[in-house]
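Engineer: Build me a model:
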Amino acid sequence: MPELPEVEVTRRSFGDAIAGATVQGAALGKPLRWPLGCEPGLLAGRRVLGVRRRGKYLLLDLDEGLLLLHLGMSGSLRFARGLPPPGPHDHFDLLTDRGVLRLHDPRRFGAVVWAPHEQDERARKLLSSLGMEPLDEAAFDFDAFLAGLRASRTPIKQLLLGGKLVVGVGNIYASEVLHLAGIRPTLAANRIGPQRARRLHEAIRQVLARAVERGGSTLRDFANADGAAGHFQLEASVYGREGQPCRGCGTPIRLLRQGQRSTYFCPRCQRS
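Structural biologist: Numbering: from 1, shown residues only. Just a heads-up that it's a prediction; the model follows:
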């Protein structure tokens, strides 16, 4: 599943190129998770002002309204001139005078939703419950983060995955973050004191920023809007390395299941 780093990498790969483009039309393929919310023809003539990200949503700001895009479990975007005709897994084309923005999504858990503005009910339903943005220094407030930890007895890895405290710490990155912070994934969040919370707060920012720098993670078929794969998975400390030596202490990495998700950790570096 594309997580925050992959979505941010995607945004950066086409955001500047599409800003200022005029929409010439839109075409829909098979139905996605939610309906578009307007007739595709109504998008013609709109100008793209820019592309933002909130959590794992991309927000295409138009001079009238906005489009909220989610990549779902297997989605990716391409933006280019001269794309071939849509295939069976291409479900949305935004045609502009600078190229076509295409959503490719084999499993169809992705979405493209139009809203007249960000305060509209449709947009608020998708965005209002999202946690703090970890890559935004001002938004990722430590005191609020610490308060969120203290208020929860949930195992810390599952709290991070939930996205209500902080967005974007998906399964790969949660394992990496907790290893860097030296925290056992099963530890209840409210047992993490201020000093370790500070390490965790910094580890979240550090791991996600590094993942963006490395183009995200490509475990199966993720590629950015230019078609480039990510490489963060090649330098993972624990994720996908069961039985291999910890890069820090040499202890074999272990695997456990939490909420039907794979968790990788070092039993020595993450004793508690």
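
Engineer: what does the longest helix along the chain rub up against?
Structural biologist: When the chain is parsed with DSSP state H, its longest helix is helix 194-213. When contacts are defined by CB atoms under 8 Å, 6 or more residues apart in numbering, helix 194-213 is touched by residues 4-5, 8-9, 12, 134-135, 140, 142, 145-146, 149, 156, 160, 166, 168-169, 173, 176-178, 180-183, 192, 217, 230, 232. C-beta here means a position set from N, CA and C on the backbone, and glycine is covered the same way.

Engineer: if we go to 6 Å?
Structural biologist: 5, 8-9, 134, 142, 145-146, 149, 173, 176-177, 180-181, 232 (CB atoms under 6 Å, 6 or more residues apart in numbering).

Engineer: Ramachandran angles for Leu256?
Structural biologist: Main-chain dihedrals, Leu256, degrees, to the nearest 10: phi -140, psi 170.

Engineer: wait, doesn't it sit right on Phe265?
Structural biologist: No. Between Leu256 and Phe265 there is no contact under CB atoms under 6 Å: 7.5 Å.

Engineer: among the contacts of helix 194-213, which two are most distant?
Structural biologist: Across the contacts of helix 194-213, the longest distance by CB to CB is 29.2 Å; it joins Val9 and Leu146.

Engineer: Neighbour count: Leu256 and Phe265, which is higher?
Structural biologist: Phe265 (24 against 13; other CB atoms under 10 Å).

Engineer: Please report how far that one lies from Gly163.
Structural biologist: Look at Phe265 and Gly163: by CB to CB, to the nearest Å, they are 21 Å apart.

Engineer: Skipping its backbone neighbours, what lies nearest Cys249 in space?
Structural biologist: In this structure, Cys249 finds its nearest non-sequential neighbour in Arg268, 5.0 Å apart by CB to CB, 6 or more residues apart in numbering.
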